[in-house]
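Colleague: Can you look at this prediction? I've put the sequence above it.
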Amino acid sequence: MFERFTKDARAVVVGAVEHAERGSAEAVDGGHLLLALLDREASRGSFALASLGAARHRDSIEEALSGARRRGGLSQADTDALAGLGIDVAEIVSRVEEVHGEGALSDGGGKSGAGAGV
């Protein structure tokens, strides 16, 4: 099926795989695809993202994606909602990482190399 993709679509998928590999992720996720789309400056997808201002905020996008992975896939909105219920996600992540190593809730993170993966 990959052969049916356009040249740009194939390049985005390959780029997403490269982003996942650099982050030691066990699987490609939407964040990897987003970063790969941003990498393809002349593609339709990157043009659409640029028109929304995403290209100007790449650093904050990468930071938000990294933070969500570290929290086992929970977005900042999820974290804020849980805080409203009295659940301190940052404290939970901190305690898990104390025992299992930094990034334990991320794909491929932690001492054992097995993350929770979302």
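Modeller: Cool, got the structure.
Colleague: only C-alpha atoms for contact and neighbour calcs from this point on.
Modeller: Fine.
Colleague: which strands and helices sit next to the top helix by length along the chain?
Modeller: The longest helix of the chain (DSSP state H) is helix 7-22. Other elements packing on helix 7-22 under the criterion 3 or more C-alpha pairs under 8 Å, 6 or more residues apart in numbering; DSSP states H and E are helix 30-39.
Colleague: Give me the buried positions along the helix it packs on.
Modeller: Within helix 30-39, the residues that count as buried by 16 or more other C-alpha atoms under 10 Å are Gly31, His32, Leu33, Leu34, Leu35, Ala36, Leu37, Leu38, Asp39.
Colleague: same check, this time on stretch 4-23
Modeller: Going by neighbour count (16+ other C-alpha under 10 Å), the buried part of stretch 4-23 is Ala9, Ala11, Val12, Val13, Gly15, Ala16, Val17, Glu18, His19, Ala20.
Colleague: Contacts for it, please.
Modeller: 2, 26-29, 32-37, 39-40, 43 (C-alpha atoms under 8 Å, 6 or more residues apart in numbering).
Colleague: possible to save the residues you listed as CSV with pLDDT?
Modeller: Output for the contacts of stretch 4-23, formatted as CSV (pLDDT from 0 to 100):
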residue, pLDDT
Phe2, 65
Glu26, 82
Ala27, 85
Val28, 90
Asp29, 88
His32, 93
Leu33, 93
Leu34, 92
Leu35, 93
Ala36, 94
Leu37, 92
Asp39, 90
Arg40, 87
Ser43, 81
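Colleague: Quick check: the farthest pair among these?
Modeller: Farthest-apart pair in the contacts of stretch 4-23 is Glu26 and Ser43; separation 26.8 Å (C-alpha to C-alpha).
Colleague: Can you classify Val28 by secondary structure?
Modeller: coil (DSSP: H, G, I helix; E, B strand; the rest coil).
Colleague: Show me the shaky parts of this protein.
Modeller: Within the chain, the ranges that satisfy pLDDT under 70 run 1-2, 107-118.
Colleague: and if we set it to 80?
Modeller: The chain contains residues with pLDDT under 80 at 1-3, 42, 106-118.
Colleague: Show me the strands in it, by range?
Modeller: For the chain, no strands turn up when DSSP state E is the criterion.
Colleague: quick one: the helices in it?
Modeller: Secondary structure of the chain (DSSP H): helices at 7-22, 30-39, 44-51, 58-70, 76-84, 89-100.
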